[in-house]
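Student: Give me a 3D structure for the following:
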Amino acid sequence: MTGVRFMPISFRNTVRLVAALLLAAAVTQSVYTALYASGAEVPRQLLWGLEGVIFTLMAGFAGAAMLAARQHYLAWSSIAFAAVLNVVQVGVGLTMFGPFFEVASEVEAFAPAAAAIVAFSFMVYNAAKVLLALALIALGLARLDSGSRLLSGIAVLVGTVAAIANALSMALGRDFTGELPIAGGSGVLATVLLAICLLRLSGEEA
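Tutor: Down below sits the predicted model:
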């Protein structure tokens, strides 16, 4: 009996899959932020669990693209490692927030440990956003001489803001801007723009 043969996923389709996963991640993070800000009940298990799956797949596809790419190596390595960091961050939130805060609510001495877990999670979150911003900057700079100069310029600008804001959040603490969600907001916008840049790239590269 003749075996079933599967065609390998092309580089172009891999790029499109990574772009789709980036957009999906931006949507889940925006939904979470909107629900949290409105005071509504947030389905953390559903949203964070979905993000965990998204970033796991992204790590695989972005890693494959990094090995197959003929250029933009910095962008691809940044996306792949950002995905891995996001899996860690989501894992910490899903598996450790609940138990630590439950114990901290009963034993006051555990409150610093619970706060440390949250701080670690945001440290990883900001590091991942720095990498995605770096990928956006790299793609934007590489394409400034192309026909899409406006998009490239916006990509470099937003990527720079997101990289600086999230780097400062890592160095100074996530509350360094007070109530202004500069790091998170610019990071999500950078993620969306990165996906758009990849979709344009997929239309040009085989």
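
Student: Going by C-alpha atoms from here, please, whenever you check contacts or count neighbours.
Tutor: Fine.

Student: for the chain, what spans make up the helices?
Tutor: 11-38, 44-68, 73-106, 111-142, 149-172, 182-202 (DSSP state H).

Student: In CSV: those, plus mean pLDDT and mean neighbour count.
Tutor: Listed next are the helices of the chain as CSV, based on pLDDT from 0 to 100; neighbours: other Cα atoms under 10 Å:
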stretch, mean pLDDT, mean neighbour count
helix 11-38, 92, 18
helix 44-68, 94, 19
helix 73-106, 92, 19
helix 111-142, 93, 22
helix 149-172, 92, 20
helix 182-202, 91, 22
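
Student: Roughly how far does residue 34 sit from residue 183?
Tutor: 16 Å (Cα to Cα, to the nearest Å).

Student: The nearest residue to residue 54 once chain neighbours are set aside: what's it in contact with?
Tutor: Once flanking residues are discounted, residue 54 sits nearest to residue 21: 6.1 Å by Cα to Cα, 6 or more residues apart in numbering. Contact analysis of residue 21 by Cα atoms under 8 Å, 6 or more residues apart in numbering lists 54, 55, 57, 58.

Student: Check these against residue 170 and report the nearest one.
Tutor: When the contacts of residue 21 are ranked by distance to residue 170 (Cα to Cα), residue 55 comes first, at 20.8 Å.

Student: The closest one is in contact with residue 86, isn't it?
Tutor: Yes: here residue 55 reaches residue 86: they are 6.4 Å apart, a contact under Cα atoms under 8 Å.

Student: Would you check how far apart the residue nearest to residue 54 and residue 181 are?
Tutor: 23 Å.

Student: same question, residue 81
Tutor: In terms of Cα to Cα, residue 81 sits 24 Å off from residue 181.

Student: thinking again about what came up before, just send the contacts of residue 21 back as CSV, with distance to residue 121 too.
Tutor: Shown next, in CSV, are the contacts of residue 21 (distance: Cα to Cα, whole Å):
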residue, distance to residue 121
54, 18
55, 15
57, 20
58, 19
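
Student: Relative to residue 74, which of these is nearest.
Tutor: residue 58 (15.9 Å).

Student: got a list of what the closest one touches?
Tutor: 18, 21, 22, 80, 83.

Student: what do you get if the cut-off is 7 Å, keeping everything else the same?
Tutor: Counting by Cα atoms under 7 Å, 6 or more residues apart in numbering, residue 58 makes contact with 18, 21, 80, 83.

Student: Any figure for the gap between the second one and residue 103?
Tutor: I take that to be residue 21. For residue 21, the distance to residue 103 - Cα to Cα - is 35 Å.

Student: and stretch 56-74, C-alpha only, in PDB?
Tutor: C-alpha atoms of stretch 56-74 as PDB (Å, rounded to 0.1, in the frame of the first residue of the first chain):
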ATOM      1  CA  THR A  56       4.500  27.100  22.400                       C
ATOM      2  CA  LEU A  57       3.500  26.900  18.800                       C
ATOM      3  CA  MET A  58       5.100  30.200  18.000                       C
ATOM      4  CA  ALA A  59       8.400  29.000  19.500                       C
ATOM      5  CA  GLY A  60       8.400  26.000  17.200                       C
ATOM      6  CA  PHE A  61       7.500  27.800  14.000                       C
ATOM      7  CA  ALA A  62       9.700  30.900  14.600                       C
ATOM      8  CA  GLY A  63      12.600  28.600  15.400                       C
ATOM      9  CA  ALA A  64      12.000  26.700  12.100                       C
ATOM     10  CA  ALA A  65      11.900  30.100  10.300                       C
ATOM     11  CA  MET A  66      15.100  31.200  12.000                       C
ATOM     12  CA  LEU A  67      16.900  28.200  10.600                       C
ATOM     13  CA  ALA A  68      15.400  28.500   7.100                       C
ATOM     14  CA  ALA A  69      15.600  32.200   6.700                       C
ATOM     15  CA  ARG A  70      18.000  33.800   4.200                       C
ATOM     16  CA  GLN A  71      18.000  37.100   6.200                       C
ATOM     17  CA  HIS A  72      16.500  38.900   9.200                       C
ATOM     18  CA  TYR A  73      18.200  36.500  11.600                       C
ATOM     19  CA  LEU A  74      18.000  38.900  14.500                       C
END
